[in-house]
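Novice: predicted structure and sequence below. I'll ask about it afterward.
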Amino acid sequence: MDLLLSTAYFPSIEYMACLSKANHVFIEKHETYPKQSLRNRCYLAGSQGVQMLTVPVVKIQGKNTPIDEIRIDDNQDFRNHHFKSIQTLYSSAPFFDYYIDFIKEDIFNSETHLLEYNLIIIRRLMSFLKIQVDISFTDCFQKYENNKLDLRTVISHKSAFGSFSIIKKVPFYSQVFREKNGFFENLSVIDLIFNEGPSASSILKNSSI
């Protein structure tokens, strides 16, 4: 199965589950950048509920800026904020110490464009989850991709967490604040990784489209 996806920042469980089942993944490089999507935000579980982290960006052509021209706004100190937030949220998770140094390295990676910045993170997550899939960027924008499973808009809607659009229900797993807040579905896959460690890979594999 060839899969067409938008880029994503610390992608959701559904995003990574779909990616894990593909033979080849094409990440859209030529779309016009939409606001309020998973391309520059992720959702994590906190003591007060779901917390959103957003990468600030610069759109040099306003709302008509192509995704491959979106730059990260490093005038805002988001990297330290995101890293400290993840530390606060997951320091008591069972596998926090095993993964956090790698997560820190990726948050502070030196890429200045969102597309390449996210790809470094996605490849790291793939290594955590033992996913071996070829990834490339699209050559041009095509509205319809008949020979690929096109999930560019399906997985990148505003309500990213709480439900699954493609993947059937993923089994419950331990979450740091589950006893207080209940279980939150389809957060960033790092929630699954920090809580389940090596078992996260089999949980994704056991999901189905």
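Specialist: Great, that's in hand. Numbering: from 1, shown residues only.
Novice: show me the contacts for residue 81.
Specialist: Listed by Cβ atoms under 8 Å, 6 or more residues apart in numbering, the contact set of residue 81 reads residue 53. Placement of C-beta: from N, CA and C, glycine included.
Novice: tell me which helix or strand it sits in.
Specialist: Per DSSP states H and E, residue 81 falls inside helix 78-90.
Novice: in that helix, what counts as buried?
Specialist: By neighbour count on 16 or more other Cβ atoms under 10 Å, the buried set for helix 78-90 is 78, 82, 83, 85, 86, 89, 90.
Novice: longest single helix anywhere in the protein?
Specialist: Counting residues, the longest helix found in the chain (DSSP state H) is helix 114-128.
Novice: could I get the CA-only coordinates of that one as CSV?
Specialist: Extracted C-alpha coordinates of helix 114-128, given in CSV (Å, rounded to 0.1, in the frame of the first residue of the first chain):
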residue,chain,number,x,y,z
LEU,A,114,9.0,22.8,9.3
LEU,A,115,8.9,20.0,6.7
GLU,A,116,12.5,18.9,7.3
TYR,A,117,12.2,19.5,11.0
ASN,A,118,9.2,17.2,11.3
LEU,A,119,10.8,14.5,9.1
ILE,A,120,13.7,14.1,11.5
ILE,A,121,11.2,13.6,14.3
ILE,A,122,9.2,11.1,12.3
ARG,A,123,12.2,9.1,11.4
ARG,A,124,13.2,8.9,15.1
LEU,A,125,9.7,7.7,16.1
MET,A,126,9.9,5.1,13.3
SER,A,127,13.1,3.8,14.9
PHE,A,128,11.5,3.6,18.3
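Novice: now for that helix, which elements pack on it?
Specialist: Applying 3 or more Cβ pairs under 8 Å, 6 or more residues apart in numbering; DSSP states H and E, we find helix 114-128 packed against helix 13-20, strand 71-72, helix 96-107, strand 134-137, helix 189-196.
Novice: measure how that helix sits relative to helix 96-107, angle-wise.
Specialist: 150 degrees (axes from the mean of the first three to the mean of the last three Cα atoms, to 10 degrees).
Novice: and the least confident helix or strand in the chain by mean pLDDT, what other elements does it pack with?
Specialist: Taking mean pLDDT, DSSP states H and E as the measure, the chain has helix 178-181 as its least confident helix or strand, at a mean of 88. Helices and strands touching helix 178-181, by 3+ Cβ pairs under 8 Å, 6+ apart: there are none.
Novice: contacts for it, please.
Specialist: Residues from elsewhere that reach helix 178-181, judged by Cβ under 8 Å, 6+ apart: 45, 47, 49.
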